[in-house]
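J.: make a model of this:
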Amino acid sequence: MTAPIVRVSKILDEILENFDISHDFGRRQAWESVLDYATDNLTDAPECDDFLAEASSRLGFAEVSRESLCERVRLPKGAWVDIWISDEDDEVAITGTAEGLQYLIDVLRRLKGSSDPGEHVHLDRAMLPMTENSANLVLFKEEEQWFTGAPDAALEPYPPREIETKSIYAIQSIHFPPDDLPMTANRLYRVMSCELTENLDECGIKEFPDGDRERYRRFGFVADSGQRFQYIFHLDDPGVNFFTHREIVSLALKTV
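T.: Here you go, the predicted structure:
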């Protein structure tokens, strides 16, 4: 071995001897200590990449690059976070120490400033700062169209769907519907009517600016209030799904 490689191996041995790496919790603690040491001492050293590669191999973690190390959020001492999900109340509780909550703030701030598409962060159960009883937490950064279904202007226009309006049996709004639409995201609603309409102002409408205006239809369905409701949707809007009766039956059979 060359002198730099021997040096980083010796440093790694000294760090790891302070932890019990026979279990996941100990390995996670050791990994955080390794990253802390590399951040404080090796970011400008030529052996930094060798040190990180050997550490990831020994501890079983994905290798970290020097660039990502410089952007890493430090895990402060005393940081604990617990995510609890209630099965009965449809409620999520996030509990943390002051240090744990600050860590989440710092992670979210870094995620907010990331320019990488699809950037996300995994915080796994029993891996610091998460407790052993916590639910896993994944934080994603997405553009507004992920929530609204609005198309990205940089993408090609959405092609017309091959759909027969008479066969539409159910409708589903993806993510968050408009405020004046009494629908719950991702829930299926039985379609009572689907009609061509020339007056787009006669009732509420979910706009789809990039679509052909001739492809708007007025749908009648039973809303969350239990009352029949009418709303105008565009047949090619990617934020709305339309299902035939056969597709609904097929979905039902797959869940049995």
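
J.: phi first, then psi, for the spatially most central residue of the chain.
T.: With the centre of the chain defined as its mean C-alpha position, the nearest residue by CA atoms, centre = their mean is Phe140, 3.8 Å away. Here is the backbone geometry of Phe140 (degrees, to the nearest 10): phi -120, psi 150.

J.: repeat that for Ile94.
T.: The phi/psi pair for Ile94 (degrees, to the nearest 10) is phi -110, psi 120.

J.: skipping its backbone neighbours, what lies nearest the residue nearest to the centre of the chain in space?
T.: Once flanking residues are discounted, Phe140 sits nearest to His120: 4.5 Å by CB to CB, 6 or more residues apart in numbering. Backbone N, C-alpha and C define where each C-beta goes, glycine included.

J.: and what of Lys77?
T.: Lys77's closest residue in space is Glu99 (CB to CB, 6+ apart), at 7.0 Å.

J.: do I have it right that that neighbour meets Arg74?
T.: No: applying CB atoms under 8 Å as the test, Glu99 and Arg74 come out as separate, 10.6 Å apart.

J.: verify the contact between the residue nearest to Phe140 and Val138 for me.
T.: Yes: if you go by CB under 8 Å, His120 and Val138 touch, sitting 6.0 Å apart.

J.: what about the strand of greatest length in the chain, distance to the chain center?
T.: Across the chain, the longest stretch assigned as strand under DSSP state E is strand 188-196. Here the centre of strand 188-196 is set off from its chain's centre by 31 Å, with CA atoms, centre = their mean, to the nearest Å.

J.: and for stretch 52-68?
T.: Relative to its parent chain, stretch 52-68 has a centroid offset of 24 Å by CA atoms, centre = their mean.

J.: next, the buried residues of that stretch.
T.: Residues of stretch 52-68 classed as buried by neighbour count (16 or more other CB atoms under 10 Å): 52, 54-55, 58-59, 61, 64.

J.: contacts made by it with the rest, please.
T.: With contacts defined as CB atoms under 8 Å, 6 or more residues apart in numbering, stretch 52-68 is touched by 8-9, 12, 16, 21, 27, 30-31, 34-35, 38, 43, 48-49, 69, 72.

J.: hang on, the earlier thing: next, count neighbours for the residue nearest to Phe140.
T.: His120 has 12 neighbouring residues, counting by other CB atoms under 10 Å.

J.: what's it sitting at in phi/psi?
T.: phi -150, psi 160.

J.: and it, what does it touch?
T.: 111, 138-141.

J.: that one and Val107, how far apart?
T.: 11 Å (CB to CB, to the nearest Å).

J.: between those two, what contacts are shared?
T.: Leu139.

J.: low-confidence ranges, the stretch 51-200 of the chain, go.
T.: Where the stretch 51-200 of the chain drops to pLDDT under 70, the residues are 65-72, 89, 116-118, 149-158.
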